[in-house]
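Enquirer: Please work out how this folds:
(chains A, B and C)
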Amino acid sequence: MPSNIPHRENEINQLSSIIAPALRGYHPNNIFIYGTCGTGKSLSIRFVLNQLEDISRANGSEVKTIYINCKMKKVADTEYRLFAQLLQEMGVHVPDTGLPTDVLYRNFFEKIDEKKRVVIIALDEIDSLFKKVGDEFLYNLTRVNGELKRAQLSIVGITNDLSFLNNLDMRVKSSLGEEEILFKPYNAMQLKDILQNRIKEGFNEGIVEEGVINKCAALAAQEHGDARRALDLLRVAGEITERLGDPKIEEKHVDIAEEKIDMDRVVETVKSQPRQSQAVLYSVLKLSNNGHTRVLTGDVFDEYIKVCANNSIKSLTQRRVSDLIGELDMLGVITARVISKGRYGRTRDISLAISDSVLEKVEGILRTRFGD
DNA sequence: AGGTATTCACATGAAACTATTCTCTGAGTTAGG
DNA sequence: TAACTCAGAGAATAGTTTCATGTGAATACCTGT
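Expert: Below you'll find the predicted structure:
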């Protein structure tokens, strides 16, 4: 976490002024924050919440802030786990399983309401949780305030899905969206500034060439101004330079970094897929190697059955394979477009979405796992 | 020629099932007093 | 009598299967000219 956050002064001020009443024991409005990824949303809210806690500690007011990322696997990606995590943050341990959800819910209320205070909960990537379990938990949470006797609860929702608010139930929408803040993407100039800031803290002077900063900023600006992307590029370029023993970071290192980030991402996701999903991917791979111009769901399924037979794996239904193909598409390993071939049905047009060098590596991994 | 109806090959949805892991509870057992 | 053991009921979750319904447009089939 950097010590200062350039180009987000406005947003941070807004956030602060909305949240500040907490220090005087008032209930701050619920806030809804949106903006694409890498625009500093999480960073800003965490910064503000930290400050709030510091100040409240200093002047003795009862404020508790909780930051939770709803996307983290095994942490808060279901309603049960969200409340489990909230309770954890309040200092109560709850088991992973075995308890009914509404018990957690009750415990949570009692815990919050045990004394007079203001509690602020920031739910990052709230849309991913919503997609999994619907908006019931949000409704419950927003409704809480009326039921609490002593404490006050405010919610900060963070999402990178701009249309998220529209999908919500009206009641939740009006309650959660009391205040809205939009984080705009950084432009290339701002990205440069951010990079320069970090370079001052992270690198020795004169190591990073001017062109490198421009390049990182430009590449990231193409990806809707994603600052994290820019910083990753710079960091990986730095690592590569160090490994090669070169004295300075140059543009060519950024090129390698770009390639490597992509490669690592794909290889990691492929490796971490369950066996069935890998088998499906392997089938896609084999088919497109055989020069099929158009790989369709049916083709993949047939091939997949063969792969399963060869490896004595229990094969799944077509329904499931169809979903797996969709998942691989989401992961960006393959591209699967739904097309209609008129009289000849509707299916997915599937192709690989990875560059040749990465492909080679992936193929190696899968081949050792499934043979020919 | 132009318009409508069919039809294909899956997509997409919903519900239900399987297996695993874990808590809670109460009955039965056991050790110690 | 308190402490311990253990089986059974219930939960949460991930990953599937089963059943049901949806769908875009290339063709087949009509229609009237």
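Enquirer: which helix is the longest one in chain A?
Expert: Of all the elements of type helix in chain A, the one with the most residues (DSSP state H) is helix A:251-272.
Enquirer: Could you tell me which residues within the helix or strand just after that helix count as buried?
Expert: Remark: after helix A:251-272, the chain's next helix or strand is helix A:275-289, criterion DSSP states H and E. By 16 or more other Cβ atoms under 10 Å, the buried positions in helix A:275-289 come out as A:276-288. All C-beta spots, glycine's among them, are computed from the backbone N, C-alpha and C.
Enquirer: just checking, what packs against helix A:275-289?
Expert: Packing contacts for helix A:275-289, counted by 3 or more Cβ pairs under 8 Å, 6 or more residues apart in numbering; DSSP states H and E, involve strand A:295-296, helix A:297-310, helix A:318-330, strand A:346-352, helix A:356-370.
Enquirer: where does chain A come near DNA strand C, residue by residue?
Expert: Residues of chain A found near DNA strand C (Cβ under 7 Å from any atom of the strand) are A:73-74, A:77-81, A:97-101, A:274, A:276-277, A:314-317, A:319-320, A:323-324, A:340-346.
Enquirer: thinking A:Lys149 is in contact with A:Asp113, fair?
Expert: Yes - assessed by Cβ atoms under 8 Å, A:Lys149 is found in contact with A:Asp113 at 5.7 Å.
Enquirer: which one of these two has more residues nearby?
Expert: The neighbour count for A:Lys149 versus A:Asp113, taken as other Cβ atoms under 10 Å, is higher for A:Asp113 (18 against 8).
Enquirer: which residue sits closest to A:His93, ignoring its sequence neighbours?
Expert: Spatial nearest neighbour of A:His93, excluding adjacent residues (Cβ to Cβ, 6 or more residues apart in numbering): A:Leu87 at 7.8 Å.
Enquirer: List the residues that contact that neighbour.
Expert: Neighbour list for A:Leu87: A:93-94, A:104, A:107-108, A:111 [criterion: Cβ atoms under 8 Å, 6 or more residues apart in numbering].
Enquirer: Now the buried members of the residues you listed.
Expert: Neighbour-count burial (16+ other Cβ under 10 Å) is assigned, among the contacts of A:Leu87, to A:94, A:104, A:107-108, A:111.
Enquirer: Any chance you could list what contacts the longest helix of chain A?
Expert: A:209, A:211-212, A:215-216, A:219, A:232-234, A:236-238, A:240-241, A:244, A:246, A:278, A:281, A:331-333, A:354-355, A:357-358, A:361-362, A:365-366.
Enquirer: Just say which of the helices and strands packed on helix A:275-289 is most tucked in.
Expert: strand A:295-296 (a mean of 22; mean count of other Cβ atoms under 10 Å).
Enquirer: that older thread, buried among the contacts of helix A:251-272? Make that a ChimeraX selection.
Expert: Listed next is the ChimeraX selection for buried residues among these, using 16+ other Cβ under 10 Å:
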select /A:212,215,216,219,232,233,234,236,237,238,240,241,278,281,331,333,354,358,362,366
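Enquirer: Could you list the contact residues of the stretch 151-300 of chain A toward DNA strand B?
Expert: A:296-299.
Enquirer: quick check, nearest of those residues to A:Gln51?
Expert: A:Thr297 (52.0 Å; Cβ to Cβ).
Enquirer: so who does that closest one touch?
Expert: Residues near A:Thr297 by Cβ under 8 Å, 6+ apart: A:318, A:321-322, A:325, A:347-348, A:350.
Enquirer: cutoff 7 Å now
Expert: A:322, A:325, A:347-348 (Cβ atoms under 7 Å, 6 or more residues apart in numbering).
Enquirer: Same question for A:Lys64.
Expert: A:117, A:119.
Enquirer: Need the three-state assignment for it.
Expert: State at A:Lys64, reduced to three classes by DSSP: H, G, I helix; E, B strand; the rest coil: strand.
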